[in-house]
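Asks: fold the following, please.
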Amino acid sequence: YTHGGHQTADQLHYLELRSAAIASAETSSTALLKFAAETERKYPKDTKPAWDHIYTHNFGSILPWLIRNTLSKQAQCRLARVAVAVESYRNRHGKLPNQMNDLVPAYVDKIPDDPFSTSGVLYQRTAEGYRIYSVGEDGVDDGGKDHTERKKPLTSDLVFKVERTNKPRTK
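Replies: You can find the predicted model right below:
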């Protein structure tokens, strides 16, 4: 740490932070979310970094958002993939599957994992169609309620909704 002064020390701390993020990602999404929360506490966005910790602080303050955003996008892709499987099932059988296991193995190899929980993504039939959802960042199953149905949008599930009505579309 002495060679090159504070800048070298900051760069080494920055590399250690990146290595810890990678190690957490290789473990599980739960470990990665825990790492994001710890990093957010250690490097709050609204504080000014000390001049000798600029690299580490800037990276540490944006890293939790990057982690959560990546996991959200991963969940959304998995929900869309299951929705395609549900539609394929519906096209073949003329009805919606009763449960997710009806899709395995003909339409999906396995039920995709939910990056925000220890279980798979969830499926719920509704009067209008169905919902496929992830419990979202807070890890709480809100019964497939998305941000439009919750008073606190940050605590909502990530939802892929398909609703069908007999009403003609209006332009």
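
Asks: what's the burial count for the closest residue to Pro112 other than its chain neighbours?
Replies: Spatially, and ignoring its direct neighbours in sequence, Pro112 is nearest to Arg78 (4.0 Å; Cβ to Cβ, 6 or more residues apart in numbering). Where C-beta positions appear, they are placed from N, C-alpha and C, glycine not excepted. When counting by other Cβ atoms under 10 Å, one arrives at 22 neighbours for Arg78.

Asks: could you look up the SS state of Arg78?
Replies: Per DSSP: H, G, I helix; E, B strand; the rest coil, the secondary structure class of Arg78 is helix.

Asks: does it really touch Ser134, like I thought?
Replies: Yes: counting by Cβ atoms under 8 Å, Ser134 is a contact partner of Arg78 at 7.5 Å.

Asks: so what sits against both of the two?
Replies: Asp114, Pro115, Val121 (Cβ atoms under 8 Å, 6 or more residues apart in numbering).

Asks: same list (those) but as JSON lines, adding secondary structure.
Replies: Putting the shared contacts of Arg78 and Ser134 into JSON lines (three-state DSSP) gives the following:
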{"residue": "Asp114", "secondary structure": "coil"}
{"residue": "Pro115", "secondary structure": "coil"}
{"residue": "Val121", "secondary structure": "coil"}
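
Asks: pLDDT weak spots in this protein?
Replies: Scanning the chain for pLDDT under 70 picks out 1-7, 49-52, 150-155, 166-171.
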